[in-house]
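Make a model of this:
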Amino acid sequence: MKHRYQMPFHSWGRGYTLWRLIVFSLLSLLFPSTIAWCSDVGFDGSLEIRGTYDTNVLLTADDYDFELRRLAGNQTEEDDFYGSLLSDLKWSIPVNDFFEQKIRYRAEMERYADLDDENAENNRLEFLPTFYLSDNVDLILEYDFEYDNRRPGAEYLRPDYLQNEAGATLDWEPYYGGTLLFGYLYENRNYKSLTGTPFDDYSGHLGRLGWEHRFNKKTRANVELRYLIRDYADDTLDANGDPIPGQAREDEEGELRLALTHLLTSKTLLRAGYVYRDHFATGEFYDYDLHRVSGIWVQELPWRTRLQTYLHHDWRNYDRQAAQETTRSVSTGESIQDPTDDERADRQFLFLLNLTKELGKGFSFGTEFRYLDNQSNDDSSAYNSQSYSLFVRYRF
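Model prediction:
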């Protein structure tokens, strides 16, 4: 939270109407030189080039492909090498003493060596007008625009989508060391028409209530409650994954997040987290509850080297979805799924290890390892993968 002396609210109304704000924001994004007259304008970001080898790019189960996409000849557990280009650019434009326009642009591009149907690009543009209403109250408005571009044969028949989000967040510091957060976000996603895709257009509402308490300079605790509602543009599914004609899918989700962060030494940071999520929907296929415990360890090493590790363990229990059992057709030899009398239950373990070396002048080089193991009594959802990455990053 930024602290600035409070100015009369009516001072904003003089000379900065909404249309001028929009034009100013667009100009500052497309033509930074147009706001060069303001010496306080901030610009920073990062660019990263990454190469990754993954042993199971599509996260398919052994000897069976997900029901969401059929590959010829039961093509499963495909390994591949792919390259990524990532950018994260941020502008901070002070307009007056209690208003600041913030803009963020993120882009990611992936190119695969063999599975070129998985080539993809994602672009996300965020406008974050920030009002410093008083020394302890900030209001952050938000408008996001995201475009995801996929090929027609992409993973799970995933089509292109266009998403818009709009909302507001109020940060209030009622006492020194404590911050309350109130947030609301409206989202709307539209998919490009693609025959056979399991993805449907939706609109939704997300409410957030959070609290952070800073015990001292080394320790802080975070608590956050979230509630999400989504309406989909297609029929929902029954326990076996078949459509229920005339019954539209509607989702509701409640979530509790807890985290404790502690700076053990000047070079060691530890963070423990817990998430509980209750997801319920019309139909029977989508209902589940989830528990997740996680941990982060960041260690500064000699020679400007940093070690970061992350791990989590998930328990996801589906309330009414029937677990599927894989069998082979006697006549064709192809894998077939049949429902069982058991409800689906998943256990997931994720481990991430990252080692980064600072090279000077904003450049860094690193390597990363990820291990993912998803255990399930649903045969199509039991999978694991390992990925190995090298990357070069430039921060400015």
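
Could you tell me the average pLDDT over the helix or strand where residue 141 lies, please?
Secondary structure assigned from DSSP states H and E places residue 141 in strand 137-150. Mean per-residue pLDDT for strand 137-150: 96.

Downstream of it, the next helix or strand is which one?
For strand 137-150, the following helix or strand on the C-terminal side (DSSP H and E) is strand 161-175.

what's the angle from that following strand to strand 137-150?
Between strand 161-175 and strand 137-150, the angle comes out at 160 degrees (axes from the mean of the first three to the mean of the last three Cα atoms, to 10 degrees).

which residues touch strand 161-175?
Residues outside strand 161-175 that contact it (Cβ atoms under 8 Å, 6 or more residues apart in numbering): 1, 136-148, 179-192, 199, 206, 208. Every residue, glycine included, has its C-beta placed from N, CA and C.

Of those, select the buried ones using a ChimeraX command.
In ChimeraX syntax, the buried subset of the contacts of strand 161-175 is picked out as below (16 or more other Cβ atoms under 10 Å):
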select :137,138,139,140,142,144,146,148,179,181,183,185,187,189,191,199,206,208
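
residue ranges with poor pLDDT in the stretch 251-396 of the chain?
In the predicted model, the stretch 251-396 of the chain carries pLDDT under 70 at residues 328-335.

cutoff 90 now
Applying pLDDT under 90 to the stretch 251-396 of the chain picks out residues 283-286, 319-342, 360-361, 378-382.

which residue is nearest the middle of this structure?
In the chain, the centroid-proximal residue (Cα atoms, centre = their mean) is residue 124; its distance is 11.8 Å.

Can you give me the distance of residue 200 to residue 160?
Per Cβ to Cβ, to the nearest Å, residue 200 is found 14 Å from residue 160.

now swap in residue 305 and tell me
Separation of residue 305 from residue 160 (Cβ to Cβ): 40 Å.

So if I had to pick from the two, which one is more boxed in?
Using other Cβ atoms under 10 Å, the more surrounded residue of residue 305 and residue 160 is residue 160, with 18 against 14.

residues contacting that one?
Neighbouring residues of residue 160 by Cβ under 8 Å, 6+ apart: 147, 148, 149, 150, 191, 192.

Over to residue 52?
Neighbours of residue 52 in contact, by Cβ under 8 Å, 6+ apart: 81, 82, 83, 84, 387, 388, 389.

could you dump the residues you listed to TSV with secondary structure and distance to residue 225?
Formatted as TSV, the contacts of residue 52 follow (DSSP: H, G, I helix; E, B strand; the rest coil; distance: Cβ to Cβ, whole Å):
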residue	secondary structure	distance to residue 225
81	strand	42
82	strand	37
83	strand	40
84	strand	34
387	strand	33
388	strand	38
389	strand	35
